[in-house]
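> need a 3D model of the sequence below.
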Amino acid sequence: MMQHIPVLHKLDLSDNQISFLPPLGDLRKLEMLFVQHNRLVALPDVKGCMALKELHLADNTVKVWVASVLLHFFVCAVHFV
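Below you'll find the predicted structure:
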């Protein structure tokens, strides 16, 4: 499904009780991802989202911190809000 919207710049999924997100790597132009106030237990897989600058992740219960996903955030200088 995500391959049909590759030019999306902002995705707001906040306040939806989401516990899991599919890989978002096809969203190559994504700059801002809002997933605050959900039930996420793992960081979203954004490998491939090279334009990502902001990840809004507050008020979730993230328990799984995958090293390769964290590395992507640091390489791309993603700002956690």
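> tell me the contacts of the one residue sitting closest to the centre of the chain?
In the chain, the C-alpha nearest the mean C-alpha coordinate belongs to P44, at 4.5 Å (CA atoms, centre = their mean). Going by CB atoms under 8 Å, 6 or more residues apart in numbering, P44 touches L21, L24, L33, V35, L55, V69. Heads up, the C-betas are built off the backbone N, CA and C, glycines and all.
> which strand residues bridge the fifth one?
Using DSSP bridges, the bridge partners assigned to L55 are L33, F80.
> how close does it get to K47?
Distance, L55 to K47, by CB to CB, to the nearest Å: 13 Å.
> okay, the two: which has more neighbours?
L55 (20 against 15; other CB atoms under 10 Å).
> all helices for the protein, in order.
67-75 (DSSP state H).
> so, low pLDDT: which residues of it?
1-4, 64-81 (pLDDT under 70).
> burial count for the nearest residue to S19 once chain neighbours are set aside?
Distances taken as CB to CB, 6 or more residues apart in numbering put R39 closest to S19, at 4.4 Å, once the chain neighbours are dropped. For R39, the count of nearby residues is 13 (other CB under 10 Å).
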